[in-house]
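Participant: just the structure for this:
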Amino acid sequence: MLAVVAAACSLLLSAPPSVAAAACPGATLLPTSTDAAAIDKATLCLVNQVRAAHHLHSLRANRYRQNIAWGTESFASPEHIVQEWMASRPHRAVILTKLYRDAGVAVEPAIPGVLGAGRAGATYAMEFGVRKF
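Facilitator: Residues are numbered from 1 along each chain as shown. You can find the predicted model right below:
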């Protein structure tokens, strides 16, 4: 999944910024604690522009939450990551929300470079969603 996100980002970066910004309100915003909805809409708009350029259908917005974690060496196991999520109040709340019925997990066998490039580990992303039809 992280590779897919990286590929989408690289495609977005190849589009002329002024065109992307003009077509997607909020495309130049920097995230703050008060503009999450605008950031979400702008990001989806930009990704849909990339998809349209590749003759793909647009994606629909959906209600979701995400837990992200990384661990090194023995702390990179699924067991450890889930234990850490359950020990974190915000992550635990996402996992235990009754509303969510769908989930997807992606694991990349690497950690963010700022944490120590070349160290053994993994990065986890788990999406929790509600279908809207």
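Participant: so which residues of the protein form strands?
Facilitator: 63-72, 102-108, 121-130 (DSSP state E).
Participant: out of the ones you listed, nearest to residue 79?
Facilitator: Closest of the strands of the chain to residue 79 is strand 63-72, at 10.3 Å (criterion: C-beta to C-beta). The C-beta positions use only the backbone N, C-alpha and C, and glycine is treated the same way.
Participant: just to revisit the earlier point, okay, the strands of the chain, which one's buried deepest?
Facilitator: Comparing these by mean neighbour count (mean count of other C-beta atoms under 10 Å), strand 121-130 comes out on top with a mean of 18.
Participant: who touches that strand?
Facilitator: 1-2, 62-73, 75-76, 78, 81, 94-95, 97, 99-112, 115 (C-beta atoms under 8 Å, 6 or more residues apart in numbering).
Participant: with stretch 95-112 instead?
Facilitator: Residues contacting stretch 95-112 (C-beta under 8 Å, 6+ apart): 1-3, 63-65, 67, 70-72, 76, 78, 85-86, 94, 119, 121-131.
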